[in-house]
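In: Have a look at this prediction, sequence included:
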There are 2 protein chains.
Amino acid sequence: MRVLVAGGDGFCGWPTALHLSANGHEVAIVDNLARRAIDEELGTDSLTPIASLQARVERWRQLSGREIDLEQGDLGDPQLVHDLFTELRPEAVVHFAEQRSAPYSMIGRQHAVCTQVGNVVGTLNLLFAMHELAPSCHLVKLGTMGEYGTPNIDIEEGYIEIEHNGRSDVLPYPKQPGSFYHLSKVHDSHNIFFACRTWGLRATDLNQGIVYNVQTQQTRSDPTLLNRFDYDAVFGTAINRFCVQAAAGVPLTVYGEGGQTRGFIDLRDTVRCIELAIETPPPAGQMRVMNQFTEQWSVMQLAQIVYEVAQEMELSPSIENIDNPRVELEDHYYHAKCSKLIDLGLQPHLLGRETIASLLDEAVRHRDRARLQTVLPEANWRSVPYWGSEPAIARDAALQSAAARSNSPASM
Amino acid sequence: MRVLVAGGDGFCGWPTALHLSANGHEVAIVDNLARRAIDEELGTDSLTPIASLQARVERWRQLSGREIDLEQGDLGDPQLVHDLFTELRPEAVVHFAEQRSAPYSMIGRQHAVCTQVGNVVGTLNLLFAMHELAPSCHLVKLGTMGEYGTPNIDIEEGYIEIEHNGRSDVLPYPKQPGSFYHLSKVHDSHNIFFACRTWGLRATDLNQGIVYNVQTQQTRSDPTLLNRFDYDAVFGTAINRFCVQAAAGVPLTVYGEGGQTRGFIDLRDTVRCIELAIETPPPAGQMRVMNQFTEQWSVMQLAQIVYEVAQEMELSPSIENIDNPRVELEDHYYHAKCSKLIDLGLQPHLLGRETIASLLDEAVRHRDRARLQTVLPEANWRSVPYWGSEPAIARDAALQSAAARSNSPASM
């Protein structure tokens, strides 16, 4: 199948592109390299040394004999998106090309605006291009389990049957996202659902849990293919960050009491889920929603597992509870469904000591590269400044100039 | 109370500003004059001749002795929004400053992008300014009944108690909006709800029905204060448009069979609802949601009422069913709650023959100004072009330039 992987240079996008290529799909990548630009902005870096996207793709060609097409550009650019559809004629688009960090979206107003505008407009451009140029193309869109928040009832996969005053209907599951980033994904989901209902497009909205682990079979097969290993407070996810902290000999920092329960998934399952999704497109007009995680854990449980494995490896770990920078419940009901991907054939890699040990091994191997000053949280949900530093992809100044231009034709 | 009316030059904003000023509030208006610029773009015009915003405000000062502060600018401009809060120190912000036409948002991709970016970013800037500069200010935000779509269960006011698998919770009511415009309001609602939960802000989200009638006590008191009377396919709402068609001697155009049922409200009730909302702010941390309409009607019922009154006025009306340009159910369950504003003291002007007759009178008085070629729909929900004419407030080109800049710092 001809598959366009948007955001194919990123933490999930790159291993997915390789996995799909290895499994016989014709893969093209479009990426604006925003994730690398944001590292420059924040002074952060991948723990693993990562090659340029061009070098990655060239090395993959040498090793596998398989080509991956490359386009550098931003989905906010309508000409680029139009060209992608007319030139590549994708049968599926896997859309990772969004700013994916909740803390990044909470750095300040400009970061929130940049996250919502960038994510929403990129997805709108894809939907309009599909509508006009590729109505049977399948959009596989990454959402997040964080869209649901922590309701006091079971979380279903995208829709819920509601009985009310003697009538019933199946409606979109109510969302209570917890950051401007999570909100952008909710906006996307509403836009996609509308496009499917109105234009007969087909889409799969994957509400992904928190991804842990760093390498897949393909990315570990050669140093040039290595995936990025984020461990900073902005882009590092809980387990990966704990492993780097343990390897570096600093405390594992748990936000608050660590009672927050979430869905988690191994990166090796992420790439398999994408493959399962593209191989089973929903019918025209349907936005299928699947919850893409395999296990629920509380943050403190995860810290304890990492602590134990690190102790066995003689790393002398410690755990420290720090003030929670987020506004979230730390003691709450949480029961989310995740059976649709299993029904499609997913065989989960459940979290085990071997995975933690391999992550700790990798963290130890590269620990001289760790920038420990980037690990403690700076963004605070309770106080998000109006002014501040300019995001790497500044859409704010651009909007101001558009607003200024808009005033000229009107007469007072 | 010091009240900032954002979008105070528009169809609802202008009469609201006058009503609040007449009732003793200190009113300031901010408006980017986008509605007038869009008339230039589309070749449309108000049926009534309307004065410039400066002339309106000056005339109001002469007649009433009351000042209304004026700021021309766009809420997408963060410096302007910051200045508004530091200089005016509003205790309430009434936020009409959004692109409010569903058909406009369906003209093409650029119009959809411009609608969503403009609406969402303006509201984000307000929320961030309140968070930093005016945490006890009350945001009164105009949403729309169209956010709910037409579910097969009763529509509640913003939230619904859901029992599921033996547990229950009160959650945001699921939304199924029917255009990119309606979607922008759903995005706003999610952003506002988050800001209230996370920052302790207070807001009222008013899901307004379709507004009919054109003048209020204040706007009809002087020709310079006249409100705009939209009747074109893009900005004219059903009853107002039917009245102009009857006055001009062309058929009343009903989309499809006209079975679509919606909530409606008289403009005189709109201004009163806003007054009631600002006078009863919700507690900090709460987003109160009220459905702002007073009656349900089907489109065909309304056409028939206008037809009958027009006949009595010897206008020889006719009704024509035309292809529905929208994708919507024409035969559906619809039962929406609207008791909260009544509980606050709203005494509705229910739709009667006198109101229709006064609208027909006004339409006849100005019928030589009617541009009848603008009355038939052009935007078609089923086919929305990727390329097309540039919207009056083009945020698309601005985003492209931001995207282009974003590529420079990154290395491949």
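Out: Great, that's in hand.

In: Next one: residue A:396, what pLDDT does it get?
Out: On pLDDT, residue A:396 comes in at 76.

In: isn't it right up against residue A:110?
Out: Yes: contact between residue A:396 and residue A:110 holds when scored by CB atoms under 8 Å: they sit 4.7 Å apart. Any C-beta I mention is one placed from the backbone N, CA and C, and that applies to glycine too.

In: what bits of chain A have low per-residue confidence?
Out: Residue ranges of chain A with pLDDT under 70: A:404-412.

In: Can you show me the helices along it?
Out: In chain A, the helices defined using DSSP state H lie at A:13-22, A:34-42, A:53-64, A:78-88, A:102-105, A:109-133, A:180-199, A:238-248, A:267-279, A:299-312, A:340-343, A:353-365, A:396-407.

In: Give the residues shared as contacts by residue A:396 and residue A:110.
Out: Shared contacts of residue A:396 and residue A:110 (CB atoms under 8 Å, 6 or more residues apart in numbering or on different chains): A:390, B:78.

In: do you know how far the closest residue in space to residue A:138 that isn't next to it in sequence is from residue A:203?
Out: Closest residue to residue A:138 in three dimensions, ignoring its sequence neighbours and counting by CB to CB, 6 or more residues apart in numbering or on different chains: residue A:281, at 4.1 Å. Separation of residue A:281 from residue A:203 (CB to CB, to the nearest Å): 9 Å.

In: Neighbour count: those two, which is higher?
Out: residue A:203 (27 against 20; other CB atoms under 10 Å in any protein chain shown).

In: quick one, what contacts the more buried one?
Out: A:138-141, A:192, A:195-196, A:282, A:286-288.

In: of all those residues, which comes closest to chain B?
Out: residue A:195 (9.4 Å; CB to the nearest CB).

In: CSV please, covering the helices of chain A and showing distance to residue B:98 and mean neighbour count.
Out: Formatted as CSV, the helices of chain A follow (distance: least, CB to CB, whole Å; neighbours: other CB atoms under 10 Å in any protein chain shown):
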stretch, distance to residue B:98, mean neighbour count
helix A:13-22, 34, 26
helix A:34-42, 28, 21
helix A:53-64, 39, 17
helix A:78-88, 23, 18
helix A:102-105, 22, 23
helix A:109-133, 15, 25
helix A:180-199, 15, 24
helix A:238-248, 38, 26
helix A:267-279, 35, 23
helix A:299-312, 39, 19
helix A:340-343, 37, 16
helix A:353-365, 47, 18
helix A:396-407, 14, 20
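
In: can I get those in a markdown table with distance to residue B:84?
Out: Putting the helices of chain A into a markdown table (distance: least, CB to CB, whole Å) gives the following:
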| stretch | distance to residue B:84 |
| --- | --- |
| helix A:13-22 | 41 |
| helix A:34-42 | 29 |
| helix A:53-64 | 44 |
| helix A:78-88 | 32 |
| helix A:102-105 | 24 |
| helix A:109-133 | 15 |
| helix A:180-199 | 22 |
| helix A:238-248 | 40 |
| helix A:267-279 | 45 |
| helix A:299-312 | 41 |
| helix A:340-343 | 48 |
| helix A:353-365 | 49 |
| helix A:396-407 | 14 |
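
In: CSV for those helices, including distance to chain B?
Out: Listed next are those as CSV, based on distance: least, CB to the nearest CB, whole Å:
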stretch, distance to chain B
helix A:13-22, 14
helix A:34-42, 4
helix A:53-64, 5
helix A:78-88, 6
helix A:102-105, 11
helix A:109-133, 4
helix A:180-199, 4
helix A:238-248, 21
helix A:267-279, 23
helix A:299-312, 19
helix A:340-343, 17
helix A:353-365, 24
helix A:396-407, 3
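
In: So for residue B:169, which of those sits nearest?
Out: Smallest distance to residue B:169 across the helices of chain A (CB to CB): 17.4 Å, for helix A:180-199.
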